[in-house]
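> All I have is the shape, not the residue letters:
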């Protein structure tokens, strides 16, 4: 699961990488295809440097990902029913802490990203004006193909942003929602937020182990 998520966040981290591209005018699948190529080149050129500088790797992820992945919306989906009882401050803190934990947990997956790892499949079906799915195949070292899809939604400003990653039919939103719900039930939302804020990736790893991820 971790390796697949690493590849998935590698692509998600690349969304709208090229500042000169008016991504809002591109279909989501064309954005992912371009990013797959650009990300491979960017990481390939700095792999050794980033391998020895984890904080710089995290900074790179922040610079690339934060503007283009709908963190607020994704975190609300992860909280599920618990979002209704959460205060605006709790929702904001959870979104930031959860993203930071995810970024640190899977950052090194970017270093394993190479050109040819991902094939963006041709779009089929009707493009919804508000939501769509971009389907891709991740090719593993042994030649096995793994289905990795990206859920996009169009924001009020007209931008397409990714908010979910579905690996072989398993949504990361659903996966973490179940784990988060169980953790909140066992303790509290404030307690979970505090652990994510202070322990980051370690807290997320414990959460995953409890949930069998």
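That came through fine. The shown structure was predicted, so the numbers you read here are calculated from the model rather than taken from an experiment.
> Just the strands from this protein, written as ranges.
Taking DSSP state E, the strands of the chain run over residues 118-120, 131-139, 145-154, 160-167, 170-171.
> Buried residues of the second one, list them for me.
The neighbour-count check on strand 131-139 (16 or more other C-beta atoms under 10 Å) flags 132, 134, 135, 136, 138, 139 as buried. The way it works is simple: take the backbone N, C-alpha and C, and place the C-beta from them, glycine included.
> Give me the sheet partners of that strand and which way each runs.
strand 118-120 (antiparallel), strand 145-154 (antiparallel) (DSSP bridges).
> Adding mean pLDDT as columns, could you present these in a markdown table?
Shown next, in a markdown table, are the strands paired with strand 131-139 (pLDDT from 0 to 100):
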| stretch | mean pLDDT |
| --- | --- |
| strand 118-120 | 82 |
| strand 145-154 | 87 |
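> Now tabulate those strands in JSON lines and tack on distance to residue 99 and mean neighbour count.
JSON lines is the format used below for those (distance: least, C-beta to C-beta, whole Å; neighbours: other C-beta atoms under 10 Å):
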{"stretch": "strand 118-120", "distance to residue 99": "22", "mean neighbour count": "20"}
{"stretch": "strand 145-154", "distance to residue 99": "16", "mean neighbour count": "18"}
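> could I get these as CSV with distance to residue 97?
Formatted as CSV, the entries for these read as follows, by distance: least, C-beta to C-beta, whole Å:
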stretch, distance to residue 97
strand 118-120, 29
strand 145-154, 22
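> ok, back up a step: is it possible to export the strands of the chain to CSV including distance to residue 72?
Supplementary listing: the strands of the chain in CSV, determined by distance: least, C-beta to C-beta, whole Å:
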stretch, distance to residue 72
strand 118-120, 26
strand 131-139, 16
strand 145-154, 11
strand 160-167, 9
strand 170-171, 18
